[in-house]
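1. Take a look and give me a structure for this.
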Amino acid sequence: MFGLDRLRALDAVATHGSMATAARALHITPSAVSQQLVKLERESGHRLLEPHGRSVRLTHAGRVLAGHAARVCAQAAAAEADLAELGAEIIGPLRLGGVGSSLRALLPDVLARLTAEHPRLTPTVVDGEAVDLVPQLLAGDLDLLLTESWDSRPFALPQGLGVRTLAVEDIQVALAEGHAPAARPELDLADLGGLVWAACPVGTEPYEALTQALRGVGLEPEVRYPVTEYATQLAFVRGGLCAALVPEMAQQPCPPGVRFVPVRPALTRTVQAAWRTRAASPAVRACVEALSQACGVYEEGHDEVRT
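-> Reported below is the predicted structural model:
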């Protein structure tokens, strides 16, 4: 029988790539990590690590056992969190982050209800892009993150996270009402050549998703208005300066004079809640369940775990 602490040490080395980084993640010394792995090698009857430059890497046996270790550790963390919830109050800080459109659409009502039910809960919120916020979640600077993934540019979340899908929504092209294509019930992406575009800044998921979607039909987008907020993008659209691809959550508030038109092939955006499985506090769990109920996708026990 393998000890859980030893499996956690192997999982940490597999995840972080070195003894030193694994030790920091586990809040123990590198020597303690090494001792746990020596014991695990003895228990397993296999060599799990081999020298690699100044560091180490997993052997084939190590990689096989590390896959099992990740699943065992995730299940143990989920069990600990479930037991903690049985008698724990939902109190203290809850640090949330996410893209602005999903924060605006989902969080105000959810947080208002949670804080009314649990007056000792103190949520704080930051907005930004997943590329910047996911490292903060992994580092423990955030407790819960709302992420987005466009089907034309899927966003891969790293290991060690619990994930629940909250919404899958259509993405439509926003055009000024006076623009002739805005009168059509549907538009082919291939027919959108020659348009100027507004989009979130270069490097963000929406920008890359727009680029990939249009390149998929042989077009190269001309993005003259790279601005973060969809409300600002729609203001430029209203002025007849550009078009924009806008998910449903970001379509409100909509300025007068803007029309949203479905596109072919259809584009969608998936919004998910993500949290560290080993730090799923009662406050995190309560917020995930409240978000799920608000979105009509309440599926307790059906979370994914990134391993």
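2. What residue spans form the domains of this structure?
-> Listed domain ranges for the chain are 4-86, 90-307 (source: automatic domain parsing).
3. which helices and strands does the helix or strand where Gly162 lies pack with?
-> Using DSSP states H and E, Gly162 falls within strand 161-176. Packing contacts for strand 161-176, counted by 3 or more CB pairs under 8 Å, 6 or more residues apart in numbering; DSSP states H and E, involve helix 230-238, strand 244-247, strand 258-261, strand 263-264, strand 267-276, helix 282-295, strand 304-305. For every residue, glycine as well, the C-beta is placed using N, CA and C.
4. and Leu107, which of these is closest to it?
-> Nearest to Leu107, of all those, is helix 282-295, at 8.0 Å by CB to CB.
5. if we can go back for a sec, check which strands are paired with the helix or strand following the strand holding Gly162 and give the direction for each one.
-> Counting by DSSP H and E, the next helix or strand C-terminal to strand 161-176 is strand 187-188. According to DSSP bridges, strand 187-188 forms sheet pairs with strand 263-264 (parallel).
6. neighbouring contacts of the partner strand?
-> With contacts defined as CB atoms under 8 Å, 6 or more residues apart in numbering, strand 263-264 is touched by Ile171, Gln172, Val173, Glu186, Leu187, Asp188, Leu189, Leu192, Leu245.
7. Check stretch 118-131 too.
-> Contact with stretch 118-131 is made by 89-100, 103, 107, 111, 114-115, 133, 142, 145, 147-148, 155, 200, 203-205, 283, 286-287, as judged by CB under 8 Å, 6+ apart.
8. Can you list the buried residues in that stretch?
-> Neighbour-count burial for stretch 118-131 flags His118, Leu121, Pro123, Val125, Asp127, Gly128, Glu129, Ala130 (criterion: 16 or more other CB atoms under 10 Å).
9. Max pairwise distance over those residues: which two?
-> Largest separation among these by CB to CB: His118 and Glu129, giving 29.4 Å.
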